[in-house]
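Enquirer: Here is a sequence with its predicted model. Questions after.
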Amino acid sequence: MGGPFGPYEQSARREFYLAAWSKLRDGGFIYPCTCSRKDLATSAAAPNEGDDEPLYSGRCREKIGEAICHQSPAGVNWRFRVPDGEAIVFADLRQGPQQFVAGEDFGDFVVWRRDDVPAYQLAVVADDAAMQITEVVRGADLLKSTARQLLMIRALGLPAPAYFHCDLVRDETGVRLAKRHDALSLRALRQKGLTPQQVTDLCVSQ
């Protein structure tokens, strides 16, 4: 599991994630969502450009009063209720000033899955806080996720780290290199003879 400040294995940190879930539940920030995939497909708005998560319709929002009755998160999805209309503003150390409006740029998002596993948004916030992370460096495709995480950080009463979102490495057509698109790994690019500078130049040129 690592030392007091990590590195951590998420499989060994369930109790910490449950503590965060409980605090969000007790604070009235999350609610159980029983929507099926079919429900989501028919009621959710289309994904926003640059984000692969559809805007949730809020169909289960009225269940927020039922949250306190749940002693365990298992069996349903749990969504964070965003403050509609609030602008989430932060200064990214690479991309500059950023602003996303809750309820418009992103909707209520999942923090715990029905298969009883914490979602990425909750796990990363809990882990960063435990490791006392002061600066997060990751890809620019996660800029909007930062707005979601800042809301959860505030709800949990945690200090917010600084963020640096790197430009994405893209192929010659402008599509970002990603496993979902069978993109070549950096190792494969090296094996093809590309130097680190050539990979960097490829990124900058897009």
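Expert: Structure's in. What do you need?

Enquirer: At which residues are the strands of this structure located?
Expert: Remark: strands assigned in the chain by DSSP state E are 30-33, 77-80, 87-92, 96-101, 109-113, 117-118, 135-139, 162-166.

Enquirer: how far away is residue 147 from residue 56?
Expert: 15 Å (C-beta to C-beta, to the nearest Å). Heads up, the C-betas are built off the backbone N, CA and C, glycines and all.

Enquirer: Could you pull up the residues touching residue 58?
Expert: 107, 108 (C-beta atoms under 8 Å, 6 or more residues apart in numbering).

Enquirer: For it, give me phi and psi.
Expert: phi 90, psi 20 (degrees, to the nearest 10).

Enquirer: what do you get for residue 86?
Expert: Given degrees, to the nearest 10, the pair of backbone angles that residue 86 has is phi -80, psi 130.

Enquirer: Skip the chain neighbours and tell me the closest residue to it.
Expert: In this structure, residue 86 finds its nearest non-sequential neighbour in residue 102, 4.8 Å apart by C-beta to C-beta, 6 or more residues apart in numbering.

Enquirer: Please tell me how far that neighbour sits from residue 84.
Expert: With distances taken as C-beta to C-beta, residue 102 is found 6 Å from residue 84.

Enquirer: So those two - more neighbours on which side?
Expert: The neighbour comparison of residue 102 against residue 84 (other C-beta atoms under 10 Å) goes to residue 102, with 20 against 12.

Enquirer: right, and that one touches residue 80 too?
Expert: No - Residue 102 is beyond contact range of residue 80, at 10.0 Å (criterion: C-beta atoms under 8 Å).

Enquirer: which neighbours do the two share?
Expert: residue 151.

Enquirer: quick one: least confident helix or strand in the chain?
Expert: helix 196-205 (a mean of 65; mean pLDDT, DSSP states H and E).

Enquirer: Look at residue 169 and report its pLDDT.
Expert: With respect to pLDDT, residue 169 has a value of 70.

Enquirer: can you check the one 5 residues further on too?
Expert: As summarised for this prediction, residue 174 has a pLDDT of 57.

Enquirer: With the one 4 residues further on instead?
Expert: The predicted local confidence for residue 178 comes out at a pLDDT of 58.

Enquirer: Can you name the residues that contact residue 28?
Expert: 64, 67.

Enquirer: typo on my end, it should be residue 61
Expert: 31, 81, 108.

Enquirer: Pretty sure the last one sits against residue 78.
Expert: If I follow you right, that is residue 108. No - here residue 108 does not reach residue 78: they are 10.0 Å apart, not a contact under C-beta under 8 Å.

Enquirer: what do these two both touch?
Expert: residue 33.

Enquirer: hang on, the earlier thing: in CSV: the strands of the chain, plus mean pLDDT and mean neighbour count.
Expert: Listed next are the strands of the chain as CSV, based on pLDDT from 0 to 100; neighbours: other C-beta atoms under 10 Å:
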stretch, mean pLDDT, mean neighbour count
strand 30-33, 96, 23
strand 77-80, 97, 24
strand 87-92, 96, 14
strand 96-101, 96, 13
strand 109-113, 96, 23
strand 117-118, 94, 20
strand 135-139, 94, 13
strand 162-166, 95, 17
